[in-house]
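Q: coords below, sequence missing:
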Ligand SMILES: C[S@@+](CC[C@H](N)C(=O)[O-])C[C@H]1O[C@@H](n2cnc3c(N)ncnc32)[C@H](O)[C@@H]1O
């Protein structure tokens with residue numbers, strides 16, 4: 001059986017994924033339960049069992065993802081017994097053995113992280129967004145996530161040195177080089193691999209949501225309208241909302257009925273928001289003809 005697109009399925013993704021066709025998904029964006037985290041809410045997995053739990057799911061993700069698709073995994077290791085856990089590092093190694101390429105690591109900087117003090121570390125304000133692919137050549141639409149150049153261009157590009165005007169090859173032998181003068185006169189630049197996004201405190205009745213801007217950014221970067229985005233750990237439906245607003249199809253899976261209900265409500269809201277956006281856009285593109293007012297001269 002092939003699932004219809006644009007559904008949020010109830011159940012364990014390990015049981016649901018086998019019902020999807022091979023190579024039917026363009027992008028997977030997801031945030032699974034972190035090891036041991038929030039056990040009371042939706043069941044964590046102990047760090048030493050995490051890789052064994054995740055690998056069969058990852059095998060299915062590999063099968064359903066198109067060869068030129070991407071898999072973005074938002075995850076973070078906690079501090080246990082005074083030391084950072086290593087289960088994410090173990091997971092990366094295990095996924096590579098399974099055939100995935102660990103293509104990139106994006107850093108989600110949580111701009112509004114609450115303050116705090118610990119005796120041996122500072123507040124944690126970032127999470128990993130691990131980018132895996134099946135091949136070195138995959139689809140990526142970098143222009144879709146360009147950012148304004150910012151004020152630095154006025155100072156930095158005003159006085160170019162001789163090196164700035166030629167390709168300056170990396171001194172550490174990475175093979176990368178830069179020519180700063182290429183950016184003169186441009187208003188937009190490519191972003192870095194650090195995403196500065198605030199967490200969203202919402203009333204969506206889920207304790208571990210990511211902001212809609214997070215899946216949106218990866219959806220824009222790795223897909224085009226009409227593509228299929230899968231989130232096997234859908235939670236409150238954030239990825240589905242991002243997909244709807246960007247005119248992509250979504251497939252979601254969620255273990256707990258109460259969270260699936262929240263996700264379904266999110267989807268309904270997202271369609272409403274998209275309808276409003278489309279009405280606004282169409283009004284802008286096709287403004288109503290200005291009514292000609294007939295002025296009748298009065299004898300008064
Ligand atoms: C970190 S939360 C995802 C939050 C989501 N990104 C959002 O913005 O709302 C992980 C979700 O995965 C669900 N989950 C846990 N194990 C699962 C499984 N085996 N299959 C499907 N969903 C699962 C949990 O119930 C939880 O809602």
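A: Received, thanks. Owing to the predicted nature of the structure, the values given are computational and were not obtained by experimental measurement.
Q: Which part of the chain gets nearest to the ligand, residue-wise?
A: residue 235 (2.6 Å; CB to the nearest ligand atom). The way it works is simple: take the backbone N, C-alpha and C, and place the C-beta from them, glycine included.
Q: And that residue, how far from residue 80?
A: 23 Å (CB to CB, to the nearest Å).
Q: And residue 212, by the same measure?
A: Remark: distance between residue 212 and residue 80 (CB to CB) = 30 Å.
Q: Neighbour count: the two, which is higher?
A: The residue with more neighbours, out of residue 212 and residue 80 and counting by other CB atoms under 10 Å, is residue 212; that gives 20 against 14.
Q: Wait, the more buried one touches residue 242, no?
A: Yes: contact status for residue 212 versus residue 242: in contact at 5.2 Å, counting by CB atoms under 8 Å.
Q: For the ligand, tell me whether stretch 197-211 is touching it.
A: Yes: contact of stretch 197-211 with the ligand (CB under 6 Å from any ligand atom) involves 206, 208, 209, 210.
Q: who's in contact with residue 18?
A: Shown in contact with residue 18 (CB atoms under 8 Å, 6 or more residues apart in numbering): residue 60.
Q: What residues does this structure have near the ligand?
A: Near the ligand, when you scan the chain using CB under 6 Å from any ligand atom, you find 12-14, 31-33, 42, 206, 208-210, 232-233, 235-236, 238, 253-256, 259.
Q: just the strands in the stretch 101-250 of the chain please.
A: Taking DSSP state E, counting those that start in this stretch, the strands of the stretch 101-250 of the chain run over residues 101-110, 126-133, 147-148, 168-169, 177-178, 188-189, 194-197, 228-231, 249-254.
Q: What residues sit buried inside the next helix or strand after the last one?
A: So the one you mean is strand 249-254. Following strand 249-254 in sequence order, the next helix or strand is helix 257-285 (DSSP states H and E). For helix 257-285, burial by neighbour count (16 or more other CB atoms under 10 Å) applies to 259, 260, 261, 262, 263, 264, 266, 267, 270.
Q: Give me the nearest residue to the second one, chain neighbours excluded.
A: Counting by CB to CB, 6 or more residues apart in numbering, residue 260 lies nearest to residue 254, which is 4.4 Å off, once chain neighbours are set aside.
Q: again with the fifth one
A: In this structure, residue 263 finds its nearest non-sequential neighbour in residue 237, 3.1 Å apart by CB to CB, 6+ apart.
Q: Okay, domains of this structure per the record?
A: 7-146+191-285, 148-189 (automatic domain parsing).
Q: Let me have the buried residues of helix 257-285 in CSV, extended by pLDDT.
A: Shown next, in CSV, are the buried residues of helix 257-285 (pLDDT from 0 to 100):
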residue, pLDDT
259, 95
260, 97
261, 97
262, 96
263, 97
264, 97
266, 96
267, 97
270, 97
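Q: remind me which residues of the chain are low pLDDT?
A: For the chain, the stretches flagged by pLDDT under 70 are 1-4, 37-43, 152-154, 157, 170, 174-176, 201-204, 290-300.
Q: Contacts only, for the most centrally placed residue in it.
A: Compute the mean C-alpha point of the chain, and by CA atoms, centre = their mean the closest residue is residue 215, 2.7 Å away. Counting by CB under 8 Å, 6+ apart, residue 215 makes contact with 29, 229, 231, 238, 239, 242, 243.
Q: who wins for neighbours among those?
A: Among those, residue 239 has the most neighbours (other CB under 10 Å), with 35 neighbours.
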